[in-house]
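A.B. asks: please find the sequence and the predicted model below.
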Amino acid sequence: MSLRNPLFIDCCRRQRSSLEIVVYSSDVRQIVELAYPTARGVRILPRHIYDFLNARSTYWECFCALITGDPTPARFVDMVENGHIVRTNVVCHHYTNQCGFSINLNETHHTAMLTSNYPEFPTTARGSIVDVERLVIRFHSTLARTNLGHAEIAPFFDDYLGTLVSRYPGHAMSTKSVDFATIRRACTHFRRHSGKN
């Protein structure tokens, strides 16, 4: 796979052009816009979205699934400076970012116009099962009625939080990591300027 693949170039262009969350959905086999998650009417902080998705056994997919045909759970990366999370990014499932997928959740937290508390996706602890098929049928029905199924950036997938782990057995959940590079740079900078080795 290559970032020069026209499919990836187009998806990345659309993702960067949107104020919303743009991900790939294996359930409808295309990129879609999602509403920013809320809890009791308040937008979830970027660093907590991974936990929100995980509690619902749900993940967001990067664009690699366009080529592989298999779900590709995107990775969440917390950027840390001085011991504090300053930004949360969602990136390609490959550590070398093969498809260019990248969402800065701190920006999207402020720019997203669409929000939802996702009542269709209860926490796994509640034991309810999401009727994804009903959401998919509604998505296709809405798409067919609107401008021949075309959207300016990507079609909005109403009430859809992401890909359920249970729909694609054998595929892992998203992962979350911390970028300590900023910490290492800060420590190196401190040692260099303080005379400590």
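C.D. replies: Nice, thanks for sending it over. A quick note: this is a predicted structure, and the numbers were derived from the prediction, not measured.
A.B. asks: in whichever strand or helix holds V77, what counts as buried?
C.D. replies: Per DSSP states H and E, V77 falls inside strand 75-81. For strand 75-81, burial by neighbour count (16 or more other Cβ atoms under 10 Å) applies to R75, F76, V77, D78, M79, V80. C-beta coordinates here come from the backbone N, C-alpha and C atoms, glycine included.
A.B. asks: in stretch 46-60, what's buried?
C.D. replies: Those would be P46, R47, I49, Y50, F52, L53, N54, R56, S57, T58, Y59, W60, for stretch 46-60 by 16+ other Cβ under 10 Å.
A.B. asks: mark which of those residues are part of strands, please.
C.D. replies: T58, Y59 (DSSP state E).
A.B. asks: which of the buried residues of stretch 46-60 lies closest to D27?
C.D. replies: Taking Cβ to Cβ as the measure, T58 is the one of the buried residues of stretch 46-60 closest to D27, at 11.1 Å.
A.B. asks: name the nearest residue to the closest one, sequence neighbours excluded.
C.D. replies: Take T58 and drop its neighbours on the chain: the residue closest to it by Cβ to Cβ, 6 or more residues apart in numbering is G162, 4.3 Å away.
A.B. asks: list the contacts of the spatially most central residue of the chain.
C.D. replies: Most central in the chain under Cα atoms, centre = their mean is W60, positioned 4.4 Å from the mean C-alpha point. Shown in contact with W60 (Cβ atoms under 8 Å, 6 or more residues apart in numbering): I21, V23, L34, L53, P73, A74, V90, G162, T163, S174.
A.B. asks: got any ranges where this protein has weak pLDDT?
C.D. replies: 1-3, 147-151, 169-177, 180-197 (pLDDT under 70).
A.B. asks: correct me, but R138 touches Y160?
C.D. replies: No. Judged on Cβ atoms under 8 Å, R138 makes no contact with Y160 at a distance of 9.2 Å.
A.B. asks: partners of the strand holding V77, with directions?
C.D. replies: strand 84-91 (antiparallel), strand 176-179 (parallel) (DSSP bridges).
A.B. asks: can I get these in JSON lines including mean neighbour count?
C.D. replies: As requested, the strands paired with strand 75-81 are arranged in JSON lines below (neighbours: other Cβ atoms under 10 Å):
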{"stretch": "strand 84-91", "mean neighbour count": "17"}
{"stretch": "strand 176-179", "mean neighbour count": "14"}
